[in-house]
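S.K.: Predicted coordinates and the sequence they were generated for:
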Amino acid sequence: MSKTILITGASSGLGAEMARQFAAKGYDLALCARRTEKLEALKSEILAADPDRRVELRALDVTNDDQVFEVFRAFKTDFGTIDKIIINAGLGKGAPLGTGRYDANRETAMTNFVAALCQSEAAMEIFREQNAGHFVMISSMSAVRGMPKTLTTYAATKAGVAHLAEGLRAELYGKPIKVTVLYPGYIASEMNEKVEQSTPLMASTQKGVKAMVSAIEREVGSAAVPALPWAPLGVVMKHAPMPVFKKLI
């Protein structure tokens with residue numbers, strides 16, 4: 001029997017590529033995002049490669065709390081059991097604090113943290129009822145340490161969701177519900193289009209997501225992905241003296 005995986009923010013970038021790679025591994029898919037036309041195109045692509053896969057789609061604005069619970073519960077009804085839920089939907093807007101763009105920073109905070117909290121509530125409602133499941137939070141390497149300028153709010157939200165999932169992991173340690181927190185480095189996606197040409201550290205979408213899918217399938221507690229260069233770089237980022245850290249970012 002195929003396992004089922006629910007992915008939020010699945011219409012593009014890391015979410016869409018995770019859907020492709022998990023489908024290739026035999027998973028059935030529950031996919032949601034705001035842009036349903038992109039979801040429909042992704043479904044057609046996946047079914048063209050493997051007509052035996054089951055792919056269910058729903059429109060979802062993750063900042064709409066009621067809709068989050070409705071969509072997660074509807075997918076549970078569709079499949080009976082949800083084996084993995086990946087909290088992936090996110091936003092990369094941001095501006096230096098105090099420069100008149102509170103609107104952009106607030107939108108990022110509401111989407112990346114408050115909406116992730118809502119998705120986590122809806123996911124854990126399902127997993128507690130099943131007494132089984134695998135909860136996956138997509139954080140970021142920017143969560144390792146406070147980041148300057150346009151990344152300040154984004155990095156703070158990613159640190160917040162990482163701690164949210166780490167708290168769950170501490171609560172559920174030794175129990176049937178597993179928790180994974182992933183810290184992606186630079187992986188090519190819509191969100192990273194502006195930095196794609198400016199760093200040699202950028203991994204292709206396929207390579208970066210392959211590392212994410214591998215870590216999820218192994219049900220690791222947490223992982224920097226891809227492991228090279230981000231696992232050792234994460235240690236440097238966290239502990240480097242500020243003059244050194246400033247040169248790195």
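M.R.: That came through fine. Numbering: from 1, shown residues only.
S.K.: drop to CA atoms for contacts and neighbour counts, all remaining ones
M.R.: OK.
S.K.: On the pLDDT front, check Ile249 for me.
M.R.: As predicted, Ile249 sits at a pLDDT of 79.
S.K.: gap between it and Asn112?
M.R.: Distance check for Ile249 against Asn112: by C-alpha to C-alpha, to the nearest Å, it reads 22 Å.
S.K.: Select the longest helix from this structure.
M.R.: helix 152-172 (DSSP state H).
S.K.: The next helix or strand after that one pairs with which strands?
M.R.: Once helix 152-172 ends, the next helix or strand along the chain (criterion: DSSP states H and E) is strand 177-184. Applying DSSP bridges to the sheet, strand 177-184 is found paired with strand 133-138 (parallel), strand 222-225 (parallel).
S.K.: What segments of the chain are helices?
M.R.: Using DSSP H, helices in the chain cover 13-24, 36-49, 65-79, 102-109, 115-130, 152-172, 205-217, 227-239, 242-248.
S.K.: now those as CSV including mean neighbour count and distance to Thr199?
M.R.: What follows is the helices of the chain, written out as CSV (neighbours: other C-alpha atoms under 10 Å; distance: least, C-alpha to C-alpha, whole Å):
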stretch, mean neighbour count, distance to Thr199
helix 13-24, 21, 18
helix 36-49, 16, 28
helix 65-79, 17, 35
helix 102-109, 18, 23
helix 115-130, 19, 28
helix 152-172, 20, 18
helix 205-217, 18, 15
helix 227-239, 15, 13
helix 242-248, 11, 11
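S.K.: Ignoring the adjacent residues along the chain, who's closest to Lys178?
M.R.: Sequence neighbours aside, His134 is the residue nearest to Lys178 in space, at 4.6 Å (criterion: C-alpha to C-alpha, 6 or more residues apart in numbering).
S.K.: An error on my part: the question was meant for Glu56.
M.R.: Nearest to Glu56 is Ala30, by C-alpha to C-alpha, 6+ apart, at 5.0 Å.
S.K.: which residues sit in contact with the one you found?
M.R.: Applying C-alpha atoms under 8 Å, 6 or more residues apart in numbering to Ala30 gives the contacts Thr4, Ile5, Leu6, Ile7, Val55, Glu56, Leu57, Phe75.
S.K.: How about Ile7?
M.R.: Gly15, Ala19, Leu29, Ala30, Leu31, Cys32, Ile85, Ile86, Ile87, Asn88.
S.K.: Where strands are concerned, which of those residues count?
M.R.: Of the contacts of Ile7, the ones assigned to strands by DSSP state E are Leu29, Ala30, Leu31, Cys32, Ile85, Ile86, Ile87.
S.K.: Any regions of this structure where pLDDT drops low?
M.R.: Applying pLDDT under 70 to the chain picks out residues 192-198.
S.K.: Cross the contacts of Ala30 against strands and list the overlap.
M.R.: Among these, DSSP E puts Thr4, Ile5, Leu6, Ile7, Val55, Glu56, Leu57 in strands.
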